[in-house]
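Enquirer: When you get a sec, could you give me coordinates for this:
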Amino acid sequence: MGASEKNSLPKNCPTAQQFADFFEAKIAAVRKATGGGDVTTELPPATEIFDQFQPCSVTDVKATIMGASSKSCELHPIPTDILKKFLPELLPFITDLCNASLQQGCLPLSQGHAIIRPRIKKAGLDTSDARNYRPVSNLTFMSKIAEGLVCRQLVDFLERALLLPSLQSAYRNKKLS
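Expert: Predicted coordinates for the structure are as follows:
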């Protein structure tokens, strides 16, 4: 299956406006249903505080990049496999970019975009009904790298502070007990 076939939608697929209307209504409904609810989770008093991200080393950034998938997106200025090939030359700049993003709490404007495509939730569902689709975001490679660095620091903090449920396993390293 070629790339254009993989990204094509069924002929009777809803229009872009129908998808936009459906997902806006869905988000509004979730906000309305959860906006005024009481907090039901009780946590122990905090013993640690996470008030800022720490700068990442060149080694951290390199490991995150090399561990990431080499998939490319139309938003990338250069294909991911070429970025990895020239990583020794680009790594100091990329590390500075990642650390600036962590310090400022945002990505550069050029990296804050995504291509969002509707994907049918399950084979066999009615392709003409917008409710049977989910939005899938294709992010830029640099935003995925920044996300990985943020995730690592947040999960490390949550584990140190014992704030993750003991039976929760998603987003955790698979450590041998």
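Enquirer: Would you tell me what the next helix or strand after the lowest-mean-pLDDT helix or strand in the chain is?
Expert: In the chain, no helix or strand scores lower on mean pLDDT, DSSP states H and E than helix 3-7, which sits at a mean of 50. In the C-terminal direction, the helix or strand that comes right after helix 3-7 (DSSP states H and E) is helix 16-34.
Enquirer: which secondary structure elements does that following helix contact?
Expert: In terms of contacts (3 or more Cβ pairs under 8 Å, 6 or more residues apart in numbering; DSSP states H and E), helix 16-34 is packed against strand 133-139. (C-beta placed from N, C-alpha, C; glycine too.)
Enquirer: Now the strand it packs on: average pLDDT?
Expert: Strand 133-139 shows a mean pLDDT of 89.
Enquirer: starting at the chain centroid, how far to it?
Expert: Averaging C-alpha positions (Cα atoms, centre = their mean, to the nearest Å) puts strand 133-139 11 Å from its chain's average.
Enquirer: next one: stretch 158-167
Expert: With Cα atoms, centre = their mean, you get 21 Å for stretch 158-167.
Enquirer: Leaving out chain neighbours, which residue sits closest to residue 22?
Expert: The shortest distance from residue 22 to any non-neighbouring residue, by Cβ to Cβ, 6 or more residues apart in numbering, is to residue 130 (3.9 Å).
Enquirer: burial measure for the one you found, as a count.
Expert: By other Cβ atoms under 10 Å, the residues close to residue 130 number 19.
Enquirer: Need phi/psi at residue 104.
Expert: phi -90, psi -20 (degrees, to the nearest 10).
Enquirer: Report pLDDT for it.
Expert: For residue 104, the model assigns a pLDDT of 92.
Enquirer: again with residue 177
Expert: Per-residue confidence at residue 177 stands at 37 (pLDDT).
Enquirer: Please apply the same query to residue 115.
Expert: 88.
Enquirer: same question, the one 10 residues further on
Expert: At residue 125, the model reports a pLDDT of 93.
Enquirer: Next: residue 79.
Expert: For residue 79, the predicted pLDDT is 87.
Enquirer: can you confirm residue 115 is in a strand?
Expert: Yes - Residue 115: assigned to a strand according to DSSP: H, G, I helix; E, B strand; the rest coil.
Enquirer: now it, nearest residue through space, not along the chain?
Expert: Per Cβ to Cβ, 6+ apart, closest to residue 115 is residue 138, 4.3 Å.
Enquirer: residues contacting that neighbour?
Expert: When contacts are counted by Cβ atoms under 8 Å, 6 or more residues apart in numbering, residue 138 touches 73, 74, 75, 114, 115, 116, 117.
Enquirer: Output the below-cut-off pLDDT ranges for the chain.
Expert: 1-9, 39-40, 43-44, 168, 170-177 (pLDDT under 70).
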